[in-house]
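K.L.:
Build the 3D model from these lines:
(one chain, ligands or ions: 1)
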Amino acid sequence: MALAVGMRVLTRALLRPWARGLRAAPGRTGPAAGGGDGVRCFRSPRVLVEPDPAAGVAVVKMRNPPVNSLSLEFLTELLISLEKLENDKTFHGIIITSDCPGIFSAGLDLTEMCGRDPEHYAEYWKAVQEMWLRFYLSNLVVIAAINGISPAGGCLLSLTCDYRVLANNPKYAIGLNETLLGIVAPFWFKDTLVNTIGHRSAERALQLGLLFPPAEALRVGVVDQVVPEDQVQSTARSVMAQWLDIPDHARQLTKILMRKPTADRLLTERDADIENFVRFICKDSIQKSLHAYLEKLKQKKG
Ligand SMILES: CCCCCCCCC/C=C/C(=O)SCCNC(=O)CCNC(=O)[C@H](O)C(C)(C)COP(=O)(O)OP(=O)(O)OC[C@H]1O[C@@H](n2cnc3c(N)ncnc32)[C@H](O)[C@@H]1OP(=O)(O)O
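P.N.:
Numbers count the residues shown, from 1 in each chain. Predicted structure coming up:
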């Protein structure tokens, strides 16, 4: 309980400055391409939003180089952008994509889970939960235009979407590969994958930490469509047009009908899930293997 209250205070304190930054941002940028009615492109340091008001669609570009890892600040900015778009009646759909060449998202930011204190881990995990809940239950149509590799948390983000279009490049693997890092995908990661590809395929994918190349990803159903790299954005837009043709109210209620039981499970176990995460991540053995993994990533270059 104390943890929950503390987290709320921390999250509010964290959100306020970013919210102010975002509100101030529109004046810094020019009108969006195609935004002829005064709706402007807005950005936070790590999220660029390109609105197409005529279509009722906004493209949300993740720009947290080098690998779009989901740091606390980045998650916060993503959530604020989503909230702004949800609160603006102009928009009915968003396309989430990457501005970092070849990488959709490298997943959760390992530096947020390594060498920090338990309070930080709790704060971070709450932000990850929030990202999942808010994207998974968004009343907007959310389409992922996956233009790069997408392991673990990057895959999770795309699994929260209503539809996934993946660029046909053998390097752009996607999957929940947590076991390869010696960590365990939490139950709500697992539930989201099961809801997408079914129990048997999810069990195999999770135990083996499979990262699917495009053809495999399509076959198993992790993504809905694989297209040539230069057609990812245009395909996402034409799919969006089909989804926006459906009466919005009926579509939104159907989405909630399908997703609420899964979301409710986390909502009722949220504090326990944070406590489990903190206990797990604080273990010496887990810290050691995360450190070793990060070092391996860094040494790859030299
Ligand atoms: C009970 C409850 C239980 C709860 C149990 C807990 C559950 C936790 C669930 C975890 C979910 C996750 O998402 S865990 C994260 C999983 N993600 C991954 O395994 C991906 C790791 N990254 C990669 O494989 C690669 O970086 C890849 C994305 C392919 C890009 O390769 P490139 O060659 O282009 O780039 P690199 O040189 O590798 O990386 C560039 C820099 O980015 C850094 N970097 C790369 N990925 C990073 C990341 N995820 N977080 C931070 N930093 C990262 C590298 O260290 C480099 O840093 P510098 O050298 O300083 O520049």
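K.L.:
Can you name the residues of the stretch 201-302 of the chain sitting close to the ligand?
P.N.:
Contact residues, the stretch 201-302 of the chain versus the ligand (CB under 6 Å from any ligand atom): 276-277, 280, 294, 297-298, 300-301. Glycine gets a C-beta too; all of them are placed from N, C-alpha and C.
K.L.:
Surely residue 294 touches residue 111?
P.N.:
Yes. Between residue 294 and residue 111 there is a contact under CB atoms under 8 Å: 7.2 Å.
K.L.:
of those two, who's got more company?
P.N.:
Just comparing residue 294 and residue 111: by other CB atoms under 10 Å the higher neighbour count belongs to residue 294, 16 against 12.
K.L.:
where do the helices sit along the chain?
P.N.:
Assigned by DSSP state H, the helices in the chain fall at 2-24, 72-86, 118-136, 153-159, 187-197, 199-208, 214-220, 232-244, 248-268, 270-282, 284-299.
K.L.:
out of those helices, deepest packed?
P.N.:
helix 153-159 (a mean of 27; mean count of other CB atoms under 10 Å).
K.L.:
so how far is it off the chain centroid?
P.N.:
Computed by CA atoms, centre = their mean, to the nearest Å, the separation of helix 153-159 from the middle of its chain amounts to 5 Å.
K.L.:
That helix vs the ligand: in contact?
P.N.:
Yes. Legend: contact between helix 153-159 and the ligand by CB under 6 Å from any ligand atom is shown at residue 153.
K.L.:
now for that helix, which elements pack on it?
P.N.:
Judged by 3 or more CB pairs under 8 Å, 6 or more residues apart in numbering; DSSP states H and E, helix 153-159 is in contact with helix 118-136, strand 141-146, strand 174-175, helix 187-197.
K.L.:
need those in JSON lines with distance to the ligand and mean pLDDT, can you?
P.N.:
Formatted as JSON lines, the helices and strands packed on helix 153-159 follow (distance: least, CB to the nearest ligand atom, whole Å; pLDDT from 0 to 100):
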{"stretch": "helix 118-136", "distance to the ligand": "8", "mean pLDDT": "98"}
{"stretch": "strand 141-146", "distance to the ligand": "13", "mean pLDDT": "99"}
{"stretch": "strand 174-175", "distance to the ligand": "10", "mean pLDDT": "98"}
{"stretch": "helix 187-197", "distance to the ligand": "7", "mean pLDDT": "98"}
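K.L.:
Quick one, which of the ones you listed gets closest to residue 256.
P.N.:
helix 118-136 (10.3 Å; CB to CB).
K.L.:
Next, the angle helix 187-197 makes with that closest one.
P.N.:
Calculated by axes from the mean of the first three to the mean of the last three CA atoms, to 10 degrees, helix 118-136 forms an angle of 20 degrees with helix 187-197.
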